[in-house]
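Student: One predicted model, sequence on top.
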Amino acid sequence: VKLKDCKACRLVKYCGVDCQRAHRKRHKKACKQRAAEIKDEQLYSQGHERSEGDFCPLCTLAIPPPLQEYATMRSCCVKTLCDGCCLSAVKSGLGNICPFCRTPPAKNDEEALGRIQKRVAARDPQGLYYLGCAYFHGQYGLEQNQSRAFELWNEAAEIGSKKALCKVGFAYYDGNRGLSHDKAKGIRCLELAATQGCVESRTKLGLVEYDNGNHDRALRHFMISAKMGEKFSLDAIKILFTDNIATRAQYADALKGYQDAVEEMKSPDREIAAAKLLILTSWEG
């Protein structure tokens, strides 16, 4: 007889279903504990590297989080290009032409929306994600529609968009995007996105654990996202250190990891773009 592992914990083997049912009451507690340990091992050991969508396709460097502050989505190809490469394109004479696909800028919202919808028709997860964002914010002449945004994000998540999966997780957990609260489902979505390298999801999980009083678990999440270049998480670890929850060694480790990540994301063009933006915002202020 070929013995089969308990699928949840893999601690014991059974000769059949009847054998497993007979042992269930005695095994349930140990099984549940080991299953939780396996889940945590996967949750905290995976997703330490940024995913492909977090890298600029031109310079191939990771884009600092949050992406929307350091990069621009192009409606023509739905590629997210870093500010440094956009600046470099302008300096090279391309002007506002997309430096990735060489498409001229859309003349109006209708044309830009049409371009995104073409990518949606091609089942591009990025296209679905950005169209969802357009509905959520009421962009490109669309009426604001949170329910439609969620449908598109959910569809994008199903075909591989971790950013859309993160949006779905936030929507379920917070219940503020046209959905009723379903925190358990929200956490499952955020955990899956985090194990795929989503910095925003990882940071949110840290906040959830902190709010629930699970400071050690929160620290583990913040340590991972800080080393991926998330400043908010580093600041959170600093607070945990001042509250005697994180150790000096843990804070030093997080700080070094954060600094290494930031250094890897630097480029001369990005630094110039950031300086120009700083001057502009200071002038407007």
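Tutor: Arrived safely.
Student: And the strands in the stretch 51-200 of the chain?
Tutor: Here the stretch 51-200 of the chain has its strands, by DSSP state E, counting those that start in this stretch, at 71-73, 80-82.
Student: so where's the stretch 51-200 of the chain uncertain?
Tutor: Scanning the stretch 51-200 of the chain with the threshold set as pLDDT under 70 gives 176-179.
Student: what about the helices in it?
Tutor: 83-91, 109-121, 125-137, 146-158, 162-174, 183-195, 199-211 (DSSP state H, counting those that start in this stretch).
Student: and the third one, what does it pack onto?
Tutor: In other words, helix 125-137. In this structure, helix 125-137 packs against helix 109-121, helix 146-158, helix 162-174, with contacts taken as 3 or more CB pairs under 8 Å, 6 or more residues apart in numbering; DSSP states H and E. In short, each C-beta sits where N, CA and C put it, glycine included.
Student: and what of the shortest one?
Tutor: Using 3+ CB pairs under 8 Å, 6+ apart as the contact definition, the elements that helix 83-91 packs against are strand 71-73, helix 268-284.
Student: go with 10 Å
Tutor: Using 3 or more CB pairs under 10 Å, 6 or more residues apart in numbering; DSSP states H and E, the elements in contact with helix 83-91 are strand 71-73, strand 80-82, helix 268-284.
Student: Could you do the fifth one as well?
Tutor: Under the contact definition 3+ CB pairs under 10 Å, 6+ apart, helix 162-174 sits against helix 125-137, helix 146-158, helix 183-195, helix 199-211.
Student: Give me whichever of the helices and strands packed on helix 125-137 is most buried.
Tutor: When these are scored by mean count of other CB atoms under 10 Å, the highest mean neighbour count falls to helix 162-174 (a mean of 24).
Student: chain center to that one: distance?
Tutor: Distance of helix 162-174 from the chain centroid (CA atoms, centre = their mean, to the nearest Å) equals 9 Å.
Student: could I get it in CSV with only the CA atoms?
Tutor: Provided in CSV are the C-alpha atoms of helix 162-174 (Å, rounded to 0.1, in the frame of the first residue of the first chain):
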residue,chain,number,x,y,z
LYS,A,162,0.6,41.6,-9.0
LYS,A,163,-0.2,45.3,-8.9
ALA,A,164,-3.8,44.5,-9.7
LEU,A,165,-3.7,41.7,-7.1
CYS,A,166,-2.5,44.3,-4.5
LYS,A,167,-5.4,46.6,-5.4
VAL,A,168,-7.9,43.7,-5.0
GLY,A,169,-6.4,42.9,-1.6
PHE,A,170,-6.7,46.5,-0.5
ALA,A,171,-10.3,46.7,-1.8
TYR,A,172,-11.3,43.6,0.2
TYR,A,173,-9.4,44.4,3.3
ASP,A,174,-10.5,48.1,3.6
